[in-house]
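# what's the 3D shape of this:
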Amino acid sequence: MNKLLVLVLIIACLFSCKNKKLDSTKAYFSVVDYLKTEVKKMDTLPLHFTKITTTESTNDTSAISQNEFHKYVNEFLNLPDIASSDKMDDYSEANDFDEVLNNVLLMYTAKGEDEIVRSQTIMMQPDDIGNTHVKTILVTAIQTNKDSVVVKNMTWHIDKRFQIVTKTSKTGQPEKISTTVISWE
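Residues are numbered from 1 along each chain as shown. A predicted model of the protein is given here:
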């Protein structure tokens, strides 16, 4: 009788556990980790930052401090990391080679519409000895609030600049679009 009870308890435990099983062969590119490394590298260099903002028909260009640069960088670094074990199964992965751009493309797309990060594309350029180097990262993020939908199209050009295009839609109001470009040299 005790053996039967133990067997029933083991089977019940196996069916009640809801741990996600991870595919050990799956490895996604972590945009967040990659950009954290890039920013750490940039923090050691004597860089000058420029910000260009565009809203409707108004453009403004100004030099910004490293602290202000970090404020905008956090738009990228605070994104959910789709390469993490708890997010990986929520995205599908595809890869391709763009002959015109001579780029390898890693593309990730959310399986559901409840994910903040809807898509990520990493564009990598191969060198003469077969290694690839990240050149551009594209991210589309969508957040739905009580009264609005905010779509952010974010582009990071490695060692050059990044851009955040924010489109805000509210019911009964025209869409508002603002663009922020941060460049450095």
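# Strands of this structure, start to end?
Remark: strands assigned in the chain by DSSP state E are 49-55, 58-64, 91-98, 103-110, 117-126, 132-144, 148-157, 161-170, 176-184.
# So which bits of the third one are buried?
Judged by neighbour count using 16 or more other CB atoms under 10 Å, the buried positions of strand 91-98 are Tyr91. The way it works is simple: take the backbone N, C-alpha and C, and place the C-beta from them, glycine included.
# Packing partners of that strand?
Applying 3 or more CB pairs under 8 Å, 6 or more residues apart in numbering; DSSP states H and E, we find strand 91-98 packed against strand 103-110.
# Name every strand pairing with the strand it packs on and say which way it goes.
The partner list of strand 103-110 in its sheet, established with DSSP bridges, is strand 91-98 (antiparallel), strand 117-126 (antiparallel).
# model confidence over it, on average?
Predicted confidence along strand 103-110 averages 95 (mean pLDDT).
# Skipping its backbone neighbours, what lies nearest Val104 in space?
Using CB to CB, 6 or more residues apart in numbering and skipping residues adjacent in sequence, the residue nearest Val104 is Met124, 4.6 Å away.
# Tell me if I'm right that the one you found and Asn102 touch.
No - counting by CB atoms under 8 Å, Asn102 is not a contact partner of Met124; they are 10.1 Å apart.
# So for those two, which sits in the more crowded spot?
Met124 (19 against 10; other CB atoms under 10 Å).
# what sits against that one?
In this structure, Met124 makes contact with Asn103, Val104, Leu105, Leu106, Thr132, His133, Val134, Lys135, judged by CB atoms under 8 Å, 6 or more residues apart in numbering.
# Pairing partners for it in the sheet, please.
The residues listed as beta-bridge partners of Met124 by DSSP bridges are Val104, Val134.
# Same question for Ile142.
Assessed by DSSP bridges, Ile142 has beta-bridge partners Val151.
# For the residue nearest to Glu175 when sequence neighbours are not counted, give its distance to Val104.
Leaving out its chain neighbours, the residue that sits closest to Glu175 by CB to CB, 6+ apart is Ser169, at 5.0 Å. Using CB to CB, to the nearest Å, we find Ser169 at a distance of 34 Å from Val104.
# More neighbours: those two, which one.
For Ser169 against Val104, the residue with the higher neighbour count under other CB under 10 Å is Val104, and the figures read 18 against 15.
# quick one: the more buried one and Gly130, what's the gap?
On the measure of CB to CB, Val104 and Gly130 end up 11 Å apart.
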